[in-house]
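1. My questions are about this predicted structure, shown below with the sequence.
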Amino acid sequence: MTDEDDAEETVVRRDRFSGGPAREFLSSLGADERIFAADLAVDRAHVVMLAEQDIVDDDTASEILGALADIENAGHDELPDGEDVHEAIETAVIDRVGPDGGRMHTARSRNDEVAACLRYRLRSDILDALETVLSGRDALLDAASEHTETVMPGYTHLQPAQPTTVAHWLCSYEQALARDTERLLDAYERVNRSPLGAAAFAGTPFDIDRERTAELLGFDGLVENATDAVSARDCLVETTAAATGLGLTLSGLAEDLVVFASKGHVELADEYASTSSIMPQKKNPDTLELVRGRTGDATAGLNGLVTTLKGLPRAYNRDLQRASGHAFDAIDSVVESTDVAIGAVTTAEWPEAALADAAGDGFATATGVADSLARSGVPFRTAHEVVAHAGERSADPAIEDIEAAVEELLDDDQANALDWDAIEQALDPTASVEMRDSRGGPAPETVSTHIARARTRLDTDSEAATDRREDVELASAHLDREVDHYV
Ligand code: ARG
């Protein structure tokens with residue numbers, strides 16, 4: 001398109017500002033594709049309300065709503081040029097209806113309009129994220145149920161620490177995902193409020209009904225103060241922070257699997273691994289490395305978002321146009337990453353014999369042995385010393401090494417009170433796991449009880465997400481019916 005063509009376009013209100021070198025720079029039209037459907041919904045709700053309040057007559061409302069249907073069918077790519085989707089849709093309405101199409105923008109501004117669109121869209125993005133995380137939790141709990149007795153090494157500082165089980169490790173991530181779920185649900189509550197009707201920032205003389213547009217759009221109440229309504233983007237921050245929390249959980253899970261794969265503790269399914277273009281023997285955990293990398297887009301997004309928002313004055317400032325992209329990128333990165341990370345972990349094979357062998361490496365049973373001494377009355381600190389002493393005698397201490405250390409460091413009364421069966425048991429990784437049956441511990445029965453409790457929590461969270469999804473769908477069907485009265 002040449003500059004001359006541009007000058008002839010009917011671009012709403014932009015004749016004075018339609019050209020110039022900053023035109024591309026100002027425009028968010030491309031990125032606004034994400035809120036194209038949201039803007040149409042917001043337009044419809046607004047026009048229905050204007051008609052109900054007799055601010056526009058029914059015939060005009062009918063023509064505008066008909067034009068909006070036509071614009072929807074044509075799709076975002078067919079919109080006329082404009083600074084953003086709001087302006088482009090308005091231009092497209094006026095192109096179809098004539099000057100009366102301009103009544104659509106009565107009693108509102110792009111400021112409340114864009115704020116409503118972002119919340120409307122973000123709401124369904126949060127629901128998508130929730131649904132992905134909920135099914136991920138379900139899959140993790142299923143996998144955990146199969147591995148309550150699969151003993152594996154547990155690490156702190158990446159050093160062998162204590163034997164645990166695959167189920168206990170899996171449940172540790174399911175529980176973290178449960179908190180990520182709560183944060184997303186919590187963010188949803190504050191996202192789901194309507195700023196529409198705030199106009200530029202200072203309300204409007206028209207007798208609008210803000211509660212009605214909120215209801216038509218399925219919002220659960222208003223962001224009441226008009227200045228706050230157009231300025232506020234903290235709901236983006238909350239959502240992005242929740243997404244970042246989820247990203248952190250996933251990146252930890254991915255990193256654990258990368259480490260486990262390098263030690264031969266886990267065998268990834270071929271579809272979640274890559275090979276090398278030169279080294280024929282390689283099977284690399286690339287998908288998980290990419291989960292680790294991709295979730296960085298969420299942490300980066302949070303950083304970008306708060307940097308954009310910090311210190312902005314009231315009310316609307318164009319910087320805000322750069323805010324929402326960070327939130328959407330963050331959400332996208334964690335939704336994709338959830339699918340891949342959960343897919344990788346739930347299709348992986350756990351080589352049970354190798355894991356059981358490795359579970360005692362690095363004298364990982366030491367704490368259990370010390371616990372056994374302490375359970376026979378030895379002060380724990382002394383027991384710790386005895387076991388450390390045995391560990392100095394041998395890298396892989398046997399019962400004789402413990403006996404020698406006991407003889408050296410304990411008095412006769414303490415030594416005579418010891419339960420040697422229990423001590424011998426504690427040297428066995430499987431028995432060591434079974435001993436640790438405190439609430440939240442790895443003993444198989446304890447983990448089974450935990451899984452049952454986690455399932456109850458998952459059911460509650462699933463219901464919460466389903467309820468919200470239903471509310472949104474009901475509101476959307478309701479809006480369609482109201483629009484049908486006019487067209
Ligand atoms: N494209 C703008 C945004 O995303 C819409 C609001 C424009 N408002 C204005 N006063 N220039 O924020």
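-> Sure thing, it's come through.
2. Ser27: neighbour count?
-> For Ser27, the neighbour count with other Cβ atoms under 10 Å is 18. All C-beta atoms are positioned from the backbone trio N, CA, C, and that covers glycine.
3. Quick check: mean pLDDT of stretch 73-90?
-> Mean pLDDT, stretch 73-90: 96.
4. In the stretch 351-487 of the chain, where is pLDDT below threshold?
-> Along the stretch 351-487 of the chain, the model assigns pLDDT under 70 to no residue.
5. quick one: the helices in it?
-> For the stretch 351-487 of the chain, applying DSSP state H, counting those that start in this stretch gives helices covering 352-359, 366-375, 380-393, 399-409, 412-416, 420-426, 429-435, 444-484.
6. Would you list the phi and psi of Tyr155?
-> phi -120, psi 150 (degrees, to the nearest 10).
7. Look up how far the ligand lies from the nearest residue to it once chain neighbours are set aside.
-> For Tyr155, ignoring the flanking residues on the chain, the nearest one in space by Cβ to Cβ, 6 or more residues apart in numbering is Ala161 at 5.4 Å. For Ala161, the distance to the ligand equals 50 Å [Cβ to the nearest ligand atom, to the nearest Å].
8. What does the pLDDT read for Ala161?
-> pLDDT, Ala161: 93.
9. Wasn't it part of a strand?
-> Yes: counting by DSSP: H, G, I helix; E, B strand; the rest coil, Ala161 is located in a strand.
10. For it, list the residues it contacts.
-> Residues near Ala161 by Cβ atoms under 8 Å, 6 or more residues apart in numbering: 153-155, 364, 367.
11. residue contacts, the residue of the stretch 301-450 of the chain found nearest the ligand?
-> Nearest residue of the stretch 301-450 of the chain to the ligand, counting by Cβ to the nearest ligand atom: Gln321, 3.7 Å away. Going by Cβ under 8 Å, 6+ apart, Gln321 touches 28, 84, 114.
12. As CSV, the residues you listed with neighbour count would be great.
-> Formatted as CSV, these follow (neighbours: other Cβ atoms under 10 Å):
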residue, neighbour count
Ser28, 20
Asp84, 21
Val114, 25
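13. restrict the residues you listed to contacts with the ligand.
-> Filtering the contacts of Gln321 for proximity to the ligand by Cβ under 6 Å from any ligand atom leaves 28, 84, 114.
14. and those, which of them are in helices?
-> Using DSSP state H, the members of the ones next to the ligand among the contacts of Gln321 that fall within helices are Val114.
15. For the chain, which residues are neighbours of the ligand?
-> Going by Cβ under 6 Å from any ligand atom, the residues of the chain near the ligand are 28, 84, 86, 110-111, 114, 316, 318, 320-321.
16. Quick check: buried residues in stretch 357-366?
-> Buried residues in stretch 357-366, counting neighbours by 16 or more other Cβ atoms under 10 Å, are found at 358-360, 363-366.
17. Show me the shaky parts of the stretch 101-250 of the chain.
-> Counting by pLDDT under 70, the stretch 101-250 of the chain shows no low-confidence range.
18. And the helices in it?
-> Here the stretch 101-250 of the chain has its helices, by DSSP H, counting those that start in this stretch, at 110-146, 166-191, 210-216, 226-231, 234-263.
19. so can I have a markdown table of these showing distance to His46?
-> Below are these laid out as a markdown table (distance: least, Cβ to Cβ, whole Å):
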| stretch | distance to His46 |
| --- | --- |
| helix 110-146 | 8 |
| helix 166-191 | 19 |
| helix 210-216 | 6 |
| helix 226-231 | 14 |
| helix 234-263 | 20 |
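20. mind checking which of those helices is nearest Asp412?
-> helix 166-191 (38.7 Å; Cβ to Cβ).
21. What is the burial count for the closest residue to His450 other than its chain neighbours?
-> Leaving aside its chain neighbours, His450 sits nearest to Cys171 (5.9 Å; criterion: Cβ to Cβ, 6+ apart). For Cys171, the neighbour count with other Cβ under 10 Å is 24.
22. try Thr227
-> Other residues within reach of Thr227, judged by other Cβ under 10 Å, total 16.
23. That one contacts Phe201, doesn't it?
-> Yes: Thr227 lies in contact with Phe201 (Cβ atoms under 8 Å); the separation is 4.7 Å.
24. which residues does Ala315 contact?
-> Residues near Ala315 by Cβ under 8 Å, 6+ apart: 111, 200-202, 227, 230-231.
25. swap the cut-off to 10 Å and go again
-> The contact partners of Ala315, taken as Cβ atoms under 10 Å, 6 or more residues apart in numbering, are 109, 111, 198, 200-202, 226-232.
26. State whether it is indeed within a helix.
-> No: counting by three-state DSSP, Ala315 is not part of a helix but coil.
27. roughly how far apart are the closest residue to it other than its chain neighbours and Leu290?
-> In this structure, Ala315 finds its nearest non-sequential neighbour in Phe201, 3.4 Å apart by Cβ to Cβ, 6+ apart. The gap separating Phe201 from Leu290 is 43 Å, by Cβ to Cβ, to the nearest Å.
28. Val114 now?
-> Distance, Val114 to Leu290, by Cβ to Cβ: 33 Å.
29. now do Met152
-> From Met152 across to Leu290, the span is 24 Å (Cβ to Cβ).
30. Out of those two, name the residue with the larger neighbour count.
-> Met152 (27 against 16).
31. wait, what's in contact with the residue lying closest to that one once chain neighbours are set aside?
-> Nearest residue to Met152, sequence neighbours excluded (Cβ to Cβ, 6+ apart): Leu355, at 4.3 Å. Residues near Leu355 by Cβ under 10 Å, 6+ apart: 147, 150-153, 163, 165-166, 260, 263-266, 429.
32. What subset of those residues is buried?
-> Neighbour counting with 16+ other Cβ under 10 Å marks 147, 150-153, 163, 165-166, 260, 265-266, 429 as buried within the contacts of Leu355.
33. Just send those back as CSV, with distance to Phe36 too.
-> Listed next are the buried ones among the contacts of Leu355 as CSV, based on distance: Cβ to Cβ, whole Å:
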residue, distance to Phe36
His147, 45
Thr150, 49
Val151, 53
Met152, 49
Pro153, 51
Pro163, 54
Thr165, 49
Val166, 45
Phe260, 43
His265, 47
Val266, 43
Pro429, 57
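34. How about the secondary structure of Pro80?
-> Secondary structure, three-state DSSP: Pro80 is coil.
35. Quick check: the gap between it and the ligand.
-> For Pro80, the distance to the ligand - Cβ to the nearest ligand atom - is 15 Å.
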